[in-house]
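Colleague: please work out how this folds:
(chains A and B)
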Protein chains: 2
Amino acid sequence: MPSAHASPFFNAHHSPTGAFASFTLGQRGASGGLGLELGGPANENLFIGLQSRDGKTYEALPFYAGSTDDSVRYDVSADPIARKQLVHPFPEKAITREFHIGSDTWRAGDLTFSVFTPHPAVPDPEKASRHALMAALVPAVFAEIHVDNTRGRKARTVFFGYAGADPYTHMRRFDDTAKAGLVGVAQGHRTAIASVSPGVTSALGFLIDTCLDPGHPENAAFGLGGTGALLAEVPAGTKKTFRFAICFHKAGTVTSHLDCRYSYTRFFPTLESVATYALAHWNAQVAQARAADRRLQRARLSDDRKFMLAHAVRSYYGSTEFLEHDGQPFWVVNEGEYRMMNTFDLTVDHLFFELDRNPWVVRNQLDWFVRRYSYQDKVRLPGDETEYPGGISFTHDMGVTNTLSRPGYSTYECFGLHGCFSHMTHEQLVNWVCCAVSYAKATGDTKWLRKNRKIFLACLASMVRRDHPVPSQRDGVMDADSNRCRGGSEITTYDSLDASLGQARRNLYLAVKCWAAYLGLEDVLTSFGEAGKARLANQQARLCAATIASFATEDGSLPALLEAGNASRIIPAIEGLVFPFQWGMASALSESGPSGNLIKALKHHLRAVLKPSICLFANGGWKLSSTNDNSWLSKIYLCQHVAERVLKLPADPRADAAHKAWLLHPENTFFAWSDQMVAGIARGSKYYPRGVTAWLWLRR
Amino acid sequence: MPSAHASPFFNAHHSPTGAFASFTLGQRGASGGLGLELGGPANENLFIGLQSRDGKTYEALPFYAGSTDDSVRYDVSADPIARKQLVHPFPEKAITREFHIGSDTWRAGDLTFSVFTPHPAVPDPEKASRHALMAALVPAVFAEIHVDNTRGRKARTVFFGYAGADPYTHMRRFDDTAKAGLVGVAQGHRTAIASVSPGVTSALGFLIDTCLDPGHPENAAFGLGGTGALLAEVPAGTKKTFRFAICFHKAGTVTSHLDCRYSYTRFFPTLESVATYALAHWNAQVAQARAADRRLQRARLSDDRKFMLAHAVRSYYGSTEFLEHDGQPFWVVNEGEYRMMNTFDLTVDHLFFELDRNPWVVRNQLDWFVRRYSYQDKVRLPGDETEYPGGISFTHDMGVTNTLSRPGYSTYECFGLHGCFSHMTHEQLVNWVCCAVSYAKATGDTKWLRKNRKIFLACLASMVRRDHPVPSQRDGVMDADSNRCRGGSEITTYDSLDASLGQARRNLYLAVKCWAAYLGLEDVLTSFGEAGKARLANQQARLCAATIASFATEDGSLPALLEAGNASRIIPAIEGLVFPFQWGMASALSESGPSGNLIKALKHHLRAVLKPSICLFANGGWKLSSTNDNSWLSKIYLCQHVAERVLKLPADPRADAAHKAWLLHPENTFFAWSDQMVAGIARGSKYYPRGVTAWLWLRR
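Modeller: So this is what the prediction gives:
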């Protein structure tokens, strides 16, 4: 992985697992910090720096307000102790960054600052030991400061601090009340930076300057100080290393409408207990982070892909929230800046990552969808108010910003719409099937499969009815909208694109996914001994494949909507192929297999549209829809995997370079990894978890 | 009380007791809202309005962003349902406000909106019944909307809603999950507006417009909507009244360094339980608010004074926070925008109000000061590093923003300073004595007095040693600074003024307060049978009075610092007289009594300085110091009481009009009642509790 990027100054997440927390770092200014339950960076001042060799001033990494503009100075008029500005940013040219999946290291002058995120797998909480769960769930990330003062002639002070932005609590020092040895600065019971390294002390001040020079040593305890810092001295002629834990905590009920608490509170009752554990297990945790670095470094991926994968995995962890309700585990992934909980069309994209890492969380989410977030509807044909039998489906999400939605309803889906915020009934039905089959295949959990026999049967019935109410008119492709649309139209996950991807009915992307779901259902129902239902599923798959293939146009491309006259062309036509591949269905994906017509059609389609005038941007970046500039990195990653591994097209390094350049565009770097790029600028789905589709690149 | 002010658009608190909560209302724009634990208004959009008679539009009070500027429009591009802007502000000329201590009523067109705050006395929690405590502590305020649609020809919708600004939780509807009958919109578990009035429904939307017109009725449940509103319909030709509770709640530990919870959580485990209780007891609570209105209306005070007293009492309640630690009550008053907890120099000003209302809270605070926030020091003379015996004193405060400071230390006091943020050792010592004597005199609680015998003795010893280390050089006035100043100087509560009031040593204001404290100590020590110590106190009081009187200058005024050549003149010279008056010590206050020299000197002083060139602003407002434009309303109110009741000077209505005008100056109205007025503009101590010194005006 490259140790130097165009600019090292981009925000990245450094997050524990399931704590809905992020130490965000990298963008200049007060642009990062210790965020808990936020939809974006905490925008706190971070102070990480070292006294200059001459002892007269202090140099810091540029992560505080004013650090990028010398004309912007703190107003120190209110400060009792400040005399002059002591802290200045390092010259930017002197700063380097080495960014990996598990470590992130900044070097400037004689200072080296590293943050480590182990990104542990989470063992099944119903089977795992207390020890294993504590190690996986401790809501902390790990930092180290190394100072090389071998060429210094004076002792120099190194510092690491922040000014917390929580509106309800104040900065404080652990060591004012905690047991001896634990040194820390904290905000309320929410966030802290702590250390047990010998020589580390704490200080509060209105400014970082007054933390460094409080006038009298007693003033380091100045309680009104909104800036807290840990300090240590490095004698002349020596090297020293100091270790830190960056901690998060929230006790008690954190959700509304269904009372849940963070699972980690079972083991960690307080912020201080998090710090104590994290510092006691610092070595093991950091070793895990370094091992993750090595694994990714060894992977056969280009540097650009390694970068994007590392960045995306970090953003994913920042959105994870492992809760429990009445002792029952509840795994939540929040939707980045939108903070919707377990948005199902993201769950289906996170699937591949989770099945490799924490397969039980997929089961957990599917169970919650069945138990609380499934519903029954009827369906309607366009322009016809008749209501025909519908069936089971699942909600778009389970809530937003720690507020669970009512059973059977998402927070997102409105009634009576045609565009964004309409229902995604058919898509989420298909998503449940694809996730469920994937979980069962990956784990061999036949007990779970059998327990959900009725759900699988209901899903098939529901899918078939959405094809068309009249059996003879079924062609495998969706024709009927949920009556929850009240005469409006269902949409797909591509809600903010134009109708080329947004409309669900006759949608090419959804049709291929339906084909895959039918194949999955056939497989599962066969295992249940439901030969008749399995045949129906197979028949629907064949109908679907034939219908799609029949829409091939002269140049080999397929229209985005399987209707006469549609001129849009979309890359995600091929997305659904990921599932049979995931399930090991080689025959289904073979050009000479039973769905050979579809496979060939999609291969021709992709070749026909991956052209500058159609589905490529000028710089080689992928453009999901020919009629829209809004392109989503998560889906690009997924489709790259399908193109390369299923359809055997060569990878295009120029595309990867373009996609990486989007993430590092100065307008985008504040929000770490973002998804929706409108001509390369992040306009939506910022600070987003969905990019872990890049995990598919690791599949051989 | 006047029903019309220069402008009705000033923020005022509407606060429950001890919940550190405020429904702040009155300033135009998104300037008020449901604030919990904040140092200023919540800056939320509030939507209070009524459909127009023609049904085509809605008119609202101007308490939302954009309401004051027609060119500012919401960006509705992201909204699925919005079609056009439906809600417009009422013409400002059509709006009137009737502002009282317990009620605040807004009228516009056919809409009347009232908020009621009972401001209950809080019974001693160790003696009171559960029923009485619930009634006093329910963390809610009460609202009513009355619509007169007798001249309307269509049914019209009335609405009351808000867009909560908490960064961690989302808006939600009670009725999505609560038991039947309770309708509400809430943010997380923190704030809510609820109703059980028949016909009231709830809605969420991105905008108030989409709450009012969600397209389809089901979309009123739109979970992503960050605006929540309660709605009701008033049929043509009818009048209707709807009742609301504006609720606050925070469960669990809310403080750091000493775990405390809100006392109300004993009775109210959830936000919903607050709403249910508040609505069930709406009548009794509102009756209490109306009774408070009547009591103040009957009081023999000018309208200007009634206005300021009502405003100040409201701001006080917004800062009150009744906690408990391990079942032990802990009464906290937060310091307005600064949120310091139980700042002692505010406690001593709140004293008079609390002794009339909740005397046990004074005892509670004094006990906490003894138990956790007292300390022992040594003292030093200026320019002399010798440390002489000191004694007991008390910290400036107990913490800040729910973070308790270490035992024996405040958050505010720094070491080694001469000005703002230095120690207030002598002043807080005197404050403990003055509060303690006042509590004992007001309640006759001799048991408590006896329990604190050692503290009273220690206070006398400590005061005497601060006069001068050498007995023969004592003159009753402070000469020695705490060694916590490390050679710096102690300050007084007037920290942000110049040395005329800020320096503690030889300070005229503090000297008179010391004289009062010595008299109080004499009285208490006599009751203990400590004749010798009582004599010592008396002797110090006489020395002090003589010293002060000896500094009288030619025009009868006294210098702010009892040193040669000081040219500043201060009104608070007379402040300390409030205590002997409070204690009923007529003889001590008599010009012919044992302290007649002091009383006469102070009377001459006040007459000499209450002049335009000295301690009056051009508009007649009081200027606490002749050498500084920073004048504090709380202290003005207190000194007015002393001037009129003790020194028998006539009240000056022109001064009251000036002080009221300060509060209603457009630059000041955002922060409700504020204290520090620099030439009439609030520059510090905003959103402040201290104005309850105005309660002294009621003393006959």
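Colleague: going forward, measure contacts between C-alpha atoms and count neighbours the same way
Modeller: Noted.
Colleague: now the end-to-end length of stretch A:309-328.
Modeller: Separation of the first and last residues of stretch A:309-328 by Cα to Cα, to the nearest Å is 32 Å.
Colleague: which residues of the stretch 201-350 of chain A fall in strands?
Modeller: Secondary structure of the stretch 201-350 of chain A by DSSP state E, counting those that start in this stretch: the strands cover A:201-205, A:227-234, A:239-248, A:261-262, A:320-325, A:328-333.
Colleague: what do you get for the stretch 51-200 of chain A?
Modeller: According to DSSP E, counting those that start in this stretch, the strands that the stretch 51-200 of chain A contains are A:58-60, A:87-89, A:95-99, A:103-108, A:111-116, A:140-148, A:156-163, A:171-173, A:183-187, A:191-195.
Colleague: those strands: which one's closest to chain B?
Modeller: Closest to chain B of those, according to Cα to the nearest Cα: strand A:171-173, at 7.2 Å.
Colleague: for the stretch 201-350 of chain A, what lies in contact range of chain B?
Modeller: A:215-216, A:218-219, A:221-224, A:252, A:255-257 (Cα under 8 Å from any Cα of the partner chain).
Colleague: between those residues, which is nearest chain B?
Modeller: Minimum distance to chain B across these is 3.8 Å, recorded for A:Gly223 (Cα to the nearest Cα).
Colleague: run a quick neighbour tally on the closest one.
Modeller: Using other Cα atoms under 10 Å in any protein chain shown, the number of residues around A:Gly223 comes to 30.
Colleague: quick one: contacts for it?
Modeller: Residues in contact with A:Gly223 (Cα atoms under 8 Å, 6 or more residues apart in numbering or on different chains) are A:171-172, A:204-205, B:399-400, B:405, B:410-412.
Colleague: cool, and A:Thr553?
Modeller: A:Thr553 sits in contact with A:Pro559, where contact means Cα under 8 Å, 6+ apart.
Colleague: would you mind measuring from it to A:Ala560?
Modeller: Here A:Thr553 is placed at a distance of 11 Å from A:Ala560 (Cα to Cα).
Colleague: gap between the two ends of stretch A:265-275?
Modeller: Stretch A:265-275 has an end-to-end distance of 13 Å (Cα to Cα).
Colleague: pLDDT at A:Gln85, what is it?
Modeller: With respect to pLDDT, A:Gln85 has a value of 85.
Colleague: and what of A:Ser67?
Modeller: 68.
Colleague: what about the residue of the stretch 301-450 of chain A found nearest chain B, helix or strand, and which?
Modeller: Proximity of the stretch 301-450 of chain A to chain B (Cα to the nearest Cα) peaks at A:Thr411, 3.8 Å away. For A:Thr411, there is no host helix or strand (DSSP states H and E).
Colleague: residue contacts, it?
Modeller: A:Thr411 makes contacts with A:340, A:396-400, A:405, B:221-224, as judged by Cα under 8 Å, 6+ apart.
Colleague: if you rank the contacts of A:Gly223 by neighbours, which is first?
Modeller: For the contacts of A:Gly223, the largest number of neighbours (other Cα under 10 Å) sits with A:Arg172, at 33 neighbours.
Colleague: Provide a list of residues in contact with that residue.
Modeller: Counting by Cα under 8 Å, 6+ apart, A:Arg172 makes contact with A:185-188, A:204, A:223, A:228, B:403.
Colleague: the helix or strand of chain A with the lowest mean pLDDT: what's the following helix or strand?
Modeller: Lowest mean confidence among the helices and strands of chain A (mean pLDDT, DSSP states H and E): helix A:499-502, at a mean of 82. Downstream of helix A:499-502, the next assigned helix or strand under DSSP H and E is helix A:508-527.
Colleague: for the helix or strand following that next one, what is the average pLDDT?
Modeller: Once the chain leaves helix A:508-527, the next helix or strand it forms, by DSSP H and E, is helix A:531-550. Helix A:531-550 shows a mean pLDDT of 98.
Colleague: list the helices and strands helix A:531-550 packs on?
Modeller: With contacts defined as 3 or more Cα pairs under 8 Å, 6 or more residues apart in numbering or on different chains; DSSP states H and E, helix A:531-550 has these neighbours: helix A:453-467, helix A:508-527, helix A:596-609.
Colleague: and that helix, C-alpha only, in CSV?
Modeller: The C-alpha trace of helix A:531-550 is given here as CSV (Å, rounded to 0.1, in the frame of the first residue of the first chain):
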residue,chain,number,x,y,z
ALA,A,531,-40.6,-30.4,-5.2
GLY,A,532,-43.7,-28.6,-6.6
LYS,A,533,-42.7,-25.2,-5.1
ALA,A,534,-39.1,-25.7,-6.2
ARG,A,535,-40.4,-26.3,-9.7
LEU,A,536,-42.4,-23.1,-9.6
ALA,A,537,-39.3,-21.2,-8.6
ASN,A,538,-37.3,-22.8,-11.4
GLN,A,539,-40.0,-22.0,-13.9
GLN,A,540,-40.1,-18.4,-12.7
ALA,A,541,-36.3,-18.2,-13.1
ARG,A,542,-36.4,-19.5,-16.6
LEU,A,543,-39.2,-17.1,-17.5
CYS,A,544,-37.3,-14.2,-16.0
ALA,A,545,-34.1,-15.1,-17.9
ALA,A,546,-35.9,-15.5,-21.2
THR,A,547,-37.8,-12.2,-20.7
ILE,A,548,-34.6,-10.3,-20.0
ALA,A,549,-32.7,-11.9,-22.9
SER,A,550,-35.5,-11.1,-25.2
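Colleague: that one versus helix A:596-609: what angle between them?
Modeller: 30 degrees (axes from the mean of the first three to the mean of the last three Cα atoms, to 10 degrees).
Colleague: tell me the helices and strands packed up against the helix or strand just after helix A:531-550.
Modeller: Sequence order places helix A:578-582 as the next helix or strand after helix A:531-550, per DSSP H and E. Using 3+ Cα pairs under 8 Å, 6+ apart as the contact test, the elements touching helix A:578-582 are helix A:425-443, helix A:508-527.
Colleague: and among these, the most buried is which?
Modeller: With neighbours taken as mean count of other Cα atoms under 10 Å in any protein chain shown, these reach their highest mean count in helix A:508-527, at a mean of 25.
Colleague: output that helix as CSV, restricted to C-alpha atoms.
Modeller: Provided in CSV are the C-alpha atoms of helix A:508-527 (Å, rounded to 0.1, in the frame of the first residue of the first chain):
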residue,chain,number,x,y,z
LEU,A,508,-33.6,-4.8,-15.3
TYR,A,509,-31.4,-4.6,-12.2
LEU,A,510,-34.2,-6.0,-10.0
ALA,A,511,-35.2,-8.6,-12.7
VAL,A,512,-31.7,-10.2,-12.6
LYS,A,513,-31.8,-10.2,-8.8
CYS,A,514,-35.3,-11.9,-8.9
TRP,A,515,-33.8,-14.5,-11.3
ALA,A,516,-31.1,-15.2,-8.7
ALA,A,517,-33.7,-15.2,-5.8
TYR,A,518,-35.8,-17.8,-7.7
LEU,A,519,-32.7,-20.0,-8.1
GLY,A,520,-32.0,-19.6,-4.4
LEU,A,521,-35.6,-20.5,-3.5
GLU,A,522,-35.5,-23.5,-5.8
ASP,A,523,-32.5,-24.8,-4.0
VAL,A,524,-33.8,-24.2,-0.5
LEU,A,525,-37.3,-25.6,-1.3
THR,A,526,-35.8,-28.7,-2.8
SER,A,527,-33.9,-29.2,0.4
